[in-house]
Structure formats: structure tokens, C-alpha cells
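Novice: Structure, please.
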Amino acid sequence: MAEIIEPFRIKVVEPIRVTTRAERTRHLRDAGFNVFKLRAEDVLIDLLTDSGTSAMSADQWAALMRGDESYAGSRSFFRFRDTVRSLTGFEHIIPTHQGRAAERILFATVCKPGDVVPNNTHFDTTRANVEAAGARAVDLPSPTGLVPSQAHPFKGDMAVDALEALIQEVGVERIPLCMLTVTNNTGGGQPVSMANIEAVSKLCRSHGIPFYLDACRFAENAWFIKEREEGWQDVPVAEIARRMFRLADGCTMSAKKDGLTNIGGFLATNDGQLARQEENLLILTEGFPTYGGLAGRDLEAVAVGLEEVLDEDYLTYRIASVRYLGEKIAEHGVPIMQPPGGHAVYLDAAALLPHVPRHELPGQSLVAELYLQGGVRGVEVGTVMFGHTDPETGREISPRLELVRLAVPRRVYTESQIKYVIDVILEVWDRRERIGGFRFVEQEPVLRHFTASFEPLYDLG
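Specialist: You can find the predicted model right below:
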């Protein structure tokens, strides 16, 4: 086939508004130069996140009308439960309003102060929920995942030797679970190989450590396994996904990603005693176990979305559209995390703005310039999101990578709109030497990127 096309027709459209650079400068200044604080109507192409931003299908909209809003024992819950069970194989399915609620319930239940939770790389809310429980979140990425320019088929892998060393260092009794994020969002949207999932699972089980998947992009990860890993090319993606889940003892999931919905998530396990503890906390903070903070119609939409996301025509289009964006800008020299990920393209802000020191937040500068230049909203995944201020010296401590994520919503933007994004990125690339840094004006101690305020250290022009 010469051209990969969208495997759907557009049935409903939503207008978007083009703004001038002067308007965008005013909007960004009013927002304290934090794109999270912008009004969505002032954004032309919104690549802030792929979470909850998908376009739902006709079947999902039809399923909304089937929603049973009974407080307890809703028919919609049982449809949702059976779909998740069929996919994951887990017995106990606990609905939540989104992924971070599942994380909070899980870590609040199993973690205690002094515990250690390893992951290939924790994302922001995952790390925050681990730390809120008094435990320490430890990232164990594969070394290949720390070099953005170096292409590797599975840069999202966990360093298994490092996991073994951590277990020996802290002791099994201090590790309540090990988690693997598929795909590895913080690490550039990179997939995890089946071989790595199997190795982590085997090591955890040999030590009696529960093994969990953060499964919000499980289908995209399964597609990469089929596409890139020897021995899986002829296996259906749905079967690969089931194999991934069967290697784990439980999972958390934000259905706002590969559930193709605007809200929803779940926590799953085969441990009945643990599930009862988690359900008690669910009742306290989310809702009764057969709705978990969701309306019945949302449970219906998730059930449909979890089936639709495994359609291989859809996944072919999805991965190809993100790859197209990454490859086109890389052809012009723009440094990105190579190869492009499943849900997003990650710009290497440190390489793109080498003259801006890390403590002057080059990722935040790049995010601001993308919006000012063309109304494109991305998100910084670097010092702002994962750095911290040293309490003794007041110095900004940066993480290992300084990235800007351009997350592509599912089934939302057309090829011409992606081409517009490419043009904006290349315009920023051409004027990169005139871009300076930013500094914090206000920041919170936890998850500061959502609410912080900044000011530029250069003339925005």
C-alpha cells in the first residue's frame, strides 16, 4: 500500500481559531508563561497530552446511551469488568476515574515509609503517589534510553541487572512491588520488549515481589513488539497484549490513553485480600466498587474503547502518523528522541538549545516558543517536571533528560494539521540561536509543572 490513511471517516467537527503572535504573547504572559494555564480556545494545535483527548467512535457514543447509572450492581460495570478480565486475565477489576486514582489506591495500600518502588521510569503522578505514601521511587531505565540520538528498538526497557542490584541492596522486604511502564512515557514514549517484560517478571517472581504494569499505552507497546521483536511478527496484537498482562500480578491503567476515552481507569489484581483493602479505600474516596467514580456511560465507553484500540488497521495508522511527524523534523536536523515513540514525538531540548543552561529551563523555553510561533501547545518533560531545588544550596537539580513532548491525540488531527506542526517546529529551529532561558517565579513543592509561574530571561521578539 503506497499510502497509510486514516481508517475512519470524520463525522463531527469542532472549530479551532487562529490567533496572531501578539495575541499569543499576551495569552502566555497572562498565564505566567505556563502553558497548562492557557485557555484551550487560545491553542490552535493542542499536543499537551494524549490523555483524555481522544475522539470517540460512533460505537462508543452509542454505548453511552446504554449506560446503566445504578449506584450498585450496574449492568455497565459488568460489561466493563468482563472486557477488562478478557484482556488482562486478572480476576479483581476496580474501576477508578483515571489512572492516578488507581495509583493512589495501590501505593497507599501496599507502601509504607522507607519502602522502595522500582520502575523503568516513573511518570509524574506515579512518582508523586509513591512519595506521598512515604516510599522512594527509583528509576532503572535501560542505558540506551538515556541517549536521545541513539536509535534502538526498545529504549523503554528496564535495566534488569540494576533491578537485581537494587533488590540485593535494600532487601526484598522493602520492595512492595515492581512496576514497568508500557510504553515508557518519561523515557520518550519508547516501547518495552517482550523479552524485557519476561525477564523482569521472572526476576520478581524468583524473589516473591509482586510485578505490576502501568498499562495505559499497552496496545501501542504490543504493536511495537509485533513490528520490531523477533518471533512476534505473525502474532495478533491482541494476543501479544494478553501475553504482556499474563506476565504480571496486577496493573494500573488510565483508560484516557489506550482506552480511547475522555475519562476512566482501573486497578487490577489476582490477590483477593489486597483487592478487598483497595475496594475499601475506593469506597472512601472514589465510589462504590461497581462504579468507582465513573458514570455508567463512561464504563460502557471504556469497554468499547479497549476492544477498538487493538484493531491493527488503527494501530498501523496511529504509529505511522506519529512516526511521520518525528521523521520529517529529524530530516531537517531537529534533535529528537530516536526513534519516534508511539504516542508522541519528544524534542531533545538540551541538544536543540545547547546555549541555554539546564538551570535556565531550556525545555520551558522551547515550549513557550512553539506556542508563540504557531499556537502549538506541548509540554516540558525535563527540569521543570522532574527536577527539584536542593534544600541546602537552593540550586536547581536537573534530571538526566531535557525533553519536550508533543503528544498526538488519538483520531483527532489530520495530516495537514500535522504538517502545520512540522512547519512551526522548523520555524523555531531556524531561530533557535535567538532563544534564551526562563526562571521560576512561583512553584509548589510537588508536581510543580502544573501550577508554576515563570518569566523569560530574553527578549521574546
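
Novice: Can you give me the end-to-end span of stretch 245-264?
Specialist: Counting by CA to CA, to the nearest Å, you get 19 Å between the two ends of stretch 245-264.

Novice: chain center to that stretch, what's the gap?
Specialist: 11 Å (CA atoms, centre = their mean, to the nearest Å).

Novice: First-to-last residue distance for stretch 303-317?
Specialist: Start-to-end span of stretch 303-317 (CA to CA) is 22 Å.

Novice: average pLDDT for it?
Specialist: For stretch 303-317, the mean pLDDT works out to 97.

Novice: same thing with stretch 164-173?
Specialist: Confidence over stretch 164-173 (mean pLDDT, whole number) is 98.

Novice: Then stretch 112-129?
Specialist: Stretch 112-129 comes out at a mean pLDDT of 96.

Novice: In that stretch, which residues are buried?
Specialist: 115-129 (16 or more other CB atoms under 10 Å). No exception for glycine: its C-beta is placed from N, CA and C like everyone else's.

Novice: List the ones among those that fall in strands.
Specialist: Those of these mapping onto strands are V116, V117, P118, N119, per DSSP state E.

Novice: what sits opposite the third one in the beta ladder?
Specialist: Beta-bridge partners for P118, by DSSP bridges, are V138.

Novice: Tell me which residues touch it, please.
Specialist: V138, D139, L140, M158, L163, L166, I175, C178, M179 (CB atoms under 8 Å, 6 or more residues apart in numbering).

Novice: Recalculate using a threshold of 6 Å.
Specialist: P118 is in contact with V138, L140, L163, L166, C178, counting by CB atoms under 6 Å, 6 or more residues apart in numbering.

Novice: Please identify which helix or strand holds D298.
Specialist: Assessed by DSSP states H and E, D298 sits inside helix 296-308.

Novice: Test my guess that D139 contacts T121.
Specialist: Yes. Counting by CB atoms under 6 Å, D139 touches T121, with 4.7 Å between them.

Novice: List the buried residues in stretch 72-91.
Specialist: Buried residues in stretch 72-91 (16+ other CB under 10 Å): S74, S76, F77, R79, F80, R81, T83, V84, L87, T88, F90.

Novice: Show me what secondary structure element comes after the helix or strand harbouring Q60.
Specialist: Using DSSP H and E, Q60 sits in helix 58-64. Per DSSP H and E, helix 58-64 leads on to helix 75-88 as the next helix or strand towards the C-terminus.

Novice: strands paired with the helix or strand following that next one, and their directions?
Specialist: Note on helix 75-88: by DSSP H and E, the next helix or strand toward the C-terminus is strand 92-96. Strand pairing for strand 92-96, using DSSP bridges, gives strand 265-269 (antiparallel).

Novice: could you dump the ones in strands among the buried residues of stretch 112-129 to TSV with distance to R431?
Specialist: Formatted as TSV, these follow (distance: CB to CB, whole Å):
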residue	distance to R431
V116	45
V117	42
P118	42
N119	37
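
Novice: and which of those is nearest to P210?
Specialist: Using CB to CB, V117 comes nearest to P210 of those, at 10.7 Å.

Novice: How about that closest one: what's its closest non-neighbour residue?
Specialist: Counting by CB to CB, 6 or more residues apart in numbering, V130 is the residue found nearest to V117 once chain neighbours are left out, at 4.8 Å.

Novice: What helix or strand is E455 located in?
Specialist: strand 453-456.

Novice: Report all helices and strands that that strand contacts.
Specialist: On a contact count with 3 or more CB pairs under 6 Å, 6 or more residues apart in numbering; DSSP states H and E, strand 453-456 meets strand 438-442.

Novice: Adjacent strands (with direction) for the strand it packs on?
Specialist: strand 453-456 (antiparallel).

Novice: what pLDDT, on average, does the partner strand get?
Specialist: On average, strand 453-456 scores 97.

Novice: so how far is that strand off the chain centroid?
Specialist: Distance, stretch centre to chain centre, for strand 453-456: 25 Å (CA atoms, centre = their mean).

Novice: Report the contact partners of the residue most central in space within the chain.
Specialist: The centre of the chain sits closest to N185, judged by CA atoms, centre = their mean, with a distance of 4.6 Å. Residues near N185 by CB under 6 Å, 6+ apart: F123.

Novice: Which pLDDT value belongs to it?
Specialist: 92.

Novice: Okay, it and R127: tell me how far apart.
Specialist: N185 sits 11 Å away from R127, going by CB to CB, to the nearest Å.

Novice: related to what we said a few turns ago, nearest to R318, of the buried residues of stretch 112-129?
Specialist: Of all the buried residues of stretch 112-129, the one with the least separation from R318 (CB to CB) is F123, at 19.9 Å.
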